[in-house]
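Participant: What follows is a predicted structure for the sequence shown.
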Amino acid sequence: MKKWIAFWNILLKDMRTYYLKPPNISWGIIFPLAWTGMFLIRSGTGLDSIPALLPGLMAISILFGTTSMLAVTVTFEKKNNSFDRLLLAPISFDLLMLAKTSGAIFFGIVNAMIPILLASFITDISVSSWPLLILAVFLIAVVSTFLGLLIAVAVSEVFEAQTFSNFFRFPMIFLCGLFLPISKLPIFIRPISYVLPLTYGVDIMKGLVKGENFMPIPISFAALTAFCILIFGLSKHFIKKRWIS
């Protein structure tokens, strides 16, 4: 029981200190709105293009929201020795890291829901399976959060983490099929797309919203889950190596 009390208190502390601040809440709303407006104007097709754009907008909202928040929370707390004090909590290291990342996962899921809610008010959104879509959103939020954790471990300053994150985030916009189908990429670039976790999450959502997935949905779910486990394991390894031992 004590470990779950510690888990809950760590999560609540992060929510109060970082995620529920007005700038973060407003940013979580404005960011999806800005991307939606930009691509609607760029496409020039109006409301008809919303279902096609929705999976990419959801994925990019999750990716930028989770990685940005982890860059602040983990890097800032390590710099101010707050993370060292957390190591004294009566919970396992795995549970501690899950507590530190749960807030960003929740923040990413909320970010993904904003484009869906907005789209549902202005056009008809047909989803073949809402439970699978929610599961896909959850896994994308998890893998993006763990990617942000891995990046935060590699640097010592918040601005370094934000800058380093862009080396991963912006290529994903163009290589993961968010708005440009992978089939239209040069053939020598396509293999890179398949080693990026966001590719599989976007493909699932495109299949559920538009029926345009190019890989079987179970395979994409399996790949996303494998990426979650792999990136979380790498993050733990580097934290123990760089920050503890």
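Facilitator: Received it, and whenever you're ready, just let me know what you need.

Participant: Can you say which helix or strand has residue 151 in it?
Facilitator: For residue 151, the host element (DSSP states H and E) is helix 130-153.

Participant: now residue 171
Facilitator: Per DSSP H and E: helix 158-175 holds residue 171.

Participant: quick one on the thing from earlier: report all helices and strands that the helix holding residue 151 contacts.
Facilitator: Helices and strands touching helix 130-153, as assessed by 3 or more Cβ pairs under 8 Å, 6 or more residues apart in numbering; DSSP states H and E, comprise helix 50-79, helix 93-122, helix 158-175, helix 197-209, helix 217-239. (Glycine included, C-beta is placed from N, CA and C.)

Participant: for the record, mean pLDDT for stretch 19-28?
Facilitator: Mean pLDDT, stretch 19-28: 66.

Participant: meant to ask about stretch 208-220, not that
Facilitator: pLDDT averaged over stretch 208-220 gives 88.

Participant: Could you list the alpha-carbon positions for that stretch in PDB?
Facilitator: What follows is stretch 208-220, C-alpha atoms only, in PDB (Å, rounded to 0.1, in the frame of the first residue of the first chain):
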ATOM      1  CA  LEU A 208      -9.500   3.200 -37.800                       C
ATOM      2  CA  VAL A 209     -10.500   6.700 -39.100                       C
ATOM      3  CA  LYS A 210     -10.000   6.400 -42.900                       C
ATOM      4  CA  GLY A 211      -9.300   2.700 -43.500                       C
ATOM      5  CA  GLU A 212      -6.000   3.600 -45.100                       C
ATOM      6  CA  ASN A 213      -3.600   1.600 -43.000                       C
ATOM      7  CA  PHE A 214      -0.700   0.000 -44.900                       C
ATOM      8  CA  MET A 215       0.200  -2.500 -42.200                       C
ATOM      9  CA  PRO A 216      -2.100  -5.000 -40.300                       C
ATOM     10  CA  ILE A 217      -3.300  -3.200 -37.100                       C
ATOM     11  CA  PRO A 218      -2.300  -6.100 -34.700                       C
ATOM     12  CA  ILE A 219       1.300  -5.900 -36.100                       C
ATOM     13  CA  SER A 220       1.300  -2.100 -35.500                       C
END
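
Participant: Run the chain-centre distance for that stretch.
Facilitator: 19 Å (Cα atoms, centre = their mean, to the nearest Å).

Participant: got the buried residues for it?
Facilitator: Neighbour counts over stretch 208-220 (16 or more other Cβ atoms under 10 Å) mark 208-209, 213, 217, 220 as buried.

Participant: Redo those as JSON lines? Include distance to residue 198.
Facilitator: Shown next, in JSON lines, are these (distance: Cβ to Cβ, whole Å):
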{"residue": "208", "distance to residue 198": "16"}
{"residue": "209", "distance to residue 198": "16"}
{"residue": "213", "distance to residue 198": "14"}
{"residue": "217", "distance to residue 198": "16"}
{"residue": "220", "distance to residue 198": "11"}
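
Participant: of those residues, closest to residue 151?
Facilitator: If you rank the buried residues of stretch 208-220 by distance to residue 151 using Cβ to Cβ, residue 220 comes first, at 23.4 Å.

Participant: residues in contact with that closest one?
Facilitator: 200-201, 203-204, 207, 213 (Cβ atoms under 8 Å, 6 or more residues apart in numbering).

Participant: Quick check: it vs residue 194, distance?
Facilitator: Taking Cβ to Cβ, to the nearest Å as the measure, residue 220 falls 11 Å from residue 194.

Participant: same deal with residue 101?
Facilitator: In this view, residue 101 and residue 194 are 25 Å apart by Cβ to Cβ.

Participant: Of the contacts of residue 220, which is the most crowded?
Facilitator: residue 201 (32 neighbours; other Cβ atoms under 10 Å).
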